[in-house]
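A.B. asks: Next one to model:
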Amino acid sequence: MKKIVTRLVALGLFLLILSQTVFAFAAPASLQKMRYSQATDKVRIVLDVSAVPSYTVDTTQDGQIRIDLPGTTVGSALAALSFKDDAVDSAKLIAVDSAHQQLVITLKSTVVPKVFVLQNPNRLVIDLVKNNRVTKTALLGKTAATVAPGLTYTSLVRNKSFGPVVAYILDADLSKIKVQPALSNGMIAGLESVQDMAVHNQALAAVNGSYFAPNGEIIGLLKMNNVIASIPYITRTALGITTDNKLIFGQVDYQGNIRLPDGRVLAINGINCERSEDAVTLYNSYYGKSTQTNEFGKEYVITNGKVSAISPQDTPLKPGSIVLSAHGAAATVMAGLKVGDSVVIEQSLGPDFDKVPFAIGAGPLLVKDGKPFLTTKAEEFPDDIAVGRAPRTALGVTKSGHLLMVVIDGRQAASKGLTLVELADFMQELGADEAMNFDGGGSSEMVVKGSVMNNPSDGQERLVGDAIVLTAK
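C.D. replies: You can find the predicted model right below:
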């Protein structure tokens, strides 16, 4: 089990290092050799060992990184390593006791440590990635920027006037990489981690998506396989994915009505959410196994445009049918419906979003026509989203048609986060022609090949309602 902890260490200028703690049930290891290599973007230290060791990484000491190796012996004395480098000074092995070693790395300036193990032969690898440039970072036991053909991953570390900022960036060639939303547990009811959604969808990479309620209900637009699974209650920005994997950005307003046999028309007040007073809520199989409603309403199962069953509450949900759940005044209007009656459902997201099979909403818009363009006030976002620096997640598309998926760490000593204005500027800097904001804070997370790449501000993964996943096309 690995736990990543971040600390900011002062060393003249800001010293940014990311802490990583690893616990493992490891066999006793013998340290046989210590070697290194240097490049313009990093210093790599390699420990050759007889078995994969357990280890912890401590960055709480000013100007040092200490890697603790309990249960590790040394066959013979190993010389300290000295570096002619602008960021790393030396690495020295210290014996805590005969079966407990500690590697002390002394630093000159900012680095990001990435520690991982390799097997056959067994090695513990420490990459000390330098600051202030886009760098190839440690990815699943390899130092590589390419995740798959058409998909690259980089991290960017910068010191701003207000403190350090760490960004994680995926660049996807949409001619080779497919993008889609994914629901937690495959349904709206309930929550799941981005990591689990990525694994369940066999995704190359994923980030968190929409805003959501504590029970998993999506707050905003979600369209899955041409079926509207959730709707926005305020006109807000959404991402649409066309049948040929192109991306569109726009502000979406939902219109939905029910036409009864007697000609009366009722508005659809919500989709796959808690039924409200005097309202009609539409449920489909994306919600879950049943509507989970109480006895204070009435529910009509609609199959092929006709009422196929009438239920008092908690109606089962099946593919090919929908349930209209009515309460109060709406239930009174619908009270005359009988099994066999025809009911017409009319829904629209506007001409552009009606055509796309997949869409996911959040907002606000960040970049339009290659320039920062925020719609925070127009889309009525509250201060907890609109104001201050925070962890952020954003998606954009370049003029060449590449998708940019970005996560910013925040609310940590090692990364302060960004305001929405700063995020818009950053997305423009990366080359986004259009870009939008998604859920942030403790929800912000990036997963690549099953591994969490960033440092969620909660200190652990937050369970969320949906994600945006990338798969090979």
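
A.B. asks: wait, what's in contact with residue 322?
C.D. replies: Under the criterion of Cβ atoms under 8 Å, 6 or more residues apart in numbering, the contact list for residue 322 reads 282-284, 301-302, 345. The C-beta positions use only the backbone N, C-alpha and C, and glycine is treated the same way.

A.B. asks: Can you turn the buried part of these into a ChimeraX selection?
C.D. replies: Only the buried members of those enter the following ChimeraX selection, criterion being 16 or more other Cβ atoms under 10 Å:
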select :282,283,284,301,302
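
A.B. asks: now, among the contacts of residue 322, which is nearest to residue 158?
C.D. replies: Distance from residue 158 was checked for each of the contacts of residue 322 by Cβ to Cβ. The minimum falls on residue 284, at 44.7 Å.

A.B. asks: in what helix or strand does the residue nearest to that closest one when sequence neighbours are not counted lie?
C.D. replies: For residue 284, ignoring the flanking residues on the chain, the nearest one in space by Cβ to Cβ, 6 or more residues apart in numbering is residue 322 at 4.9 Å. Assigning secondary structure by DSSP states H and E places residue 322 in strand 321-326.

A.B. asks: what's the following helix or strand after that strand?
C.D. replies: Downstream of strand 321-326, the first helix or strand assigned by DSSP H and E is helix 328-334.

A.B. asks: residue ranges with poor pLDDT in the protein?
C.D. replies: Of all residues in the chain, those with pLDDT under 70 make up the ranges 1-27, 60, 110, 131-144.

A.B. asks: could you pull out the helices for it?
C.D. replies: In chain order, the chain shows helices spanning 194-200, 328-334, 351-355, 383-386, 420-430, with DSSP state H as the criterion.

A.B. asks: residues of the last one that come out buried?
C.D. replies: Within helix 420-430, the residues that qualify as buried are 420, 422-424, 426-428, 430, counting by 16+ other Cβ under 10 Å.

A.B. asks: Hmm, residue 208 is touching residue 393, no?
C.D. replies: Yes. Taking contacts as Cβ atoms under 8 Å, residue 208 lies within contact range of residue 393: 5.6 Å.

A.B. asks: Can you pull the phi and psi angles for residue 87?
C.D. replies: Summarising the backbone geometry of residue 87 under the convention degrees, to the nearest 10, its torsions are phi -120, psi -30.

A.B. asks: separation between it and residue 287?
C.D. replies: Spatial separation of residue 87 from residue 287 under the definition Cβ to Cβ, to the nearest Å is 52 Å.

A.B. asks: Give me the more crowded residue out of these two.
C.D. replies: The neighbour count for residue 87 versus residue 287, taken as other Cβ atoms under 10 Å, is higher for residue 287 (25 against 17).

A.B. asks: so what's the spatially closest residue to the more buried one that is not a sequence neighbour up against?
C.D. replies: When the adjacent residues along the chain are set aside, residue 287 lies closest to residue 272, with 4.1 Å between them (Cβ to Cβ, 6+ apart). Residue 272 makes contact with 188, 217-218, 229-230, 281-284, 286-287 under the criterion Cβ under 8 Å, 6+ apart.

A.B. asks: With residue 267 instead?
C.D. replies: Taking Cβ under 8 Å, 6+ apart as the contact definition, residue 267 lies against 256-258, 280.

A.B. asks: Is there a quick PyMOL command that grabs whichever of the residues you listed are buried?
C.D. replies: Entered in PyMOL, the line below selects the buried ones among the contacts of residue 267, by 16+ other Cβ under 10 Å:
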select buried, resi 256+258+280
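
A.B. asks: Pipe the contacts of residue 267 into JSON lines and attach distance to residue 154 per row.
C.D. replies: Supplementary listing: the contacts of residue 267 in JSON lines, determined by distance: Cβ to Cβ, whole Å:
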{"residue": "256", "distance to residue 154": "42"}
{"residue": "257", "distance to residue 154": "47"}
{"residue": "258", "distance to residue 154": "49"}
{"residue": "280", "distance to residue 154": "48"}
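
A.B. asks: ok, of the contacts of residue 267, which one's closest to residue 405?
C.D. replies: Using Cβ to Cβ, residue 256 is the member of those that lies nearest residue 405, at 30.6 Å.

A.B. asks: Surely the closest one is in contact with residue 265?
C.D. replies: No. With contacts counted by Cβ under 8 Å, residue 256 stays clear of residue 265, the gap being 10.7 Å.

A.B. asks: quick one, which of the helices of the chain is nearest to residue 465?
C.D. replies: Residue 465 lies closest to helix 194-200 among the helices of the chain, at 10.0 Å (Cβ to Cβ).

A.B. asks: buried ones in the closest one?
C.D. replies: 194-198, 200.

A.B. asks: cool, and stretch 332-340?
C.D. replies: With burial defined by 16+ other Cβ under 10 Å, the residues of stretch 332-340 counted as buried are 333-334, 337.

A.B. asks: same deal with stretch 396-412?
C.D. replies: Within stretch 396-412, the residues that count as buried by 16+ other Cβ under 10 Å are 396-398, 402-412.

A.B. asks: Now distance to residue 471 too, for those, in TSV please.
C.D. replies: Converted to TSV, those look like this (distance: Cβ to Cβ, whole Å):
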residue	distance to residue 471
396	19
397	18
398	20
402	16
403	12
404	17
405	13
406	19
407	19
408	24
409	25
410	28
411	31
412	31
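
A.B. asks: Just the ones in strands from the residues you listed, please.
C.D. replies: Among the buried residues of stretch 396-412, DSSP state E puts 396-398, 402-408 in strands.

A.B. asks: Looking at these, spot the one nearest residue 146.
C.D. replies: The shortest distance between residue 146 and any of those, using Cβ to Cβ, involves residue 402 and amounts to 14.2 Å.

A.B. asks: wait, what's in contact with that closest one?
C.D. replies: Contacts were defined as Cβ under 8 Å, 6+ apart; by that measure residue 402 touches 171-174, 431.

A.B. asks: Please tell me how far it sits from residue 176.
C.D. replies: Where residue 176 is concerned, residue 402 sits at a distance of 10 Å (Cβ to Cβ).

A.B. asks: Quick check: bridge partners of residue 298?
C.D. replies: According to DSSP bridges, the partner residues bridging residue 298 are residue 326.

A.B. asks: ugh, typo on my part, it should be residue 183
C.D. replies: Residue 183 forms beta bridges with residue 466, as assigned by DSSP bridges.

A.B. asks: What's the local residue count around it?
C.D. replies: When counting by other Cβ under 10 Å, one arrives at 26 neighbours for residue 183.

A.B. asks: could you list every residue that touches it?
C.D. replies: Contacts for residue 183 (Cβ under 8 Å, 6+ apart) come out as 197, 222, 224, 229, 286, 465-466.

A.B. asks: now do 10 Å
C.D. replies: With contact taken as Cβ atoms under 10 Å, 6 or more residues apart in numbering, residue 183 is in contact with 189-190, 192, 197, 200-201, 209-210, 216, 218, 222, 224, 229-230, 286-287, 465-467.

A.B. asks: Put the buried members of the residues you listed into a PyMOL selection.
C.D. replies: A single PyMOL command selects the buried members of the contacts of residue 183 (16+ other Cβ under 10 Å):
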select buried, resi 189+192+197+200+201+209+210+216+218+222+224+229+230+286+287+465+466+467
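
A.B. asks: from the contacts of residue 183, which ones fall inside strands?
C.D. replies: Counting by DSSP E, the members of the contacts of residue 183 that fall within strands are 218, 222, 224, 229-230, 466-467.

A.B. asks: I'd like the buried residues of helix 194-200 laid out as JSON lines, including distance to residue 109.
C.D. replies: Rendered in JSON lines, the data for the buried residues of helix 194-200 read as follows (distance: Cβ to Cβ, whole Å):
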{"residue": "194", "distance to residue 109": "33"}
{"residue": "195", "distance to residue 109": "32"}
{"residue": "196", "distance to residue 109": "38"}
{"residue": "197", "distance to residue 109": "38"}
{"residue": "198", "distance to residue 109": "34"}
{"residue": "200", "distance to residue 109": "41"}
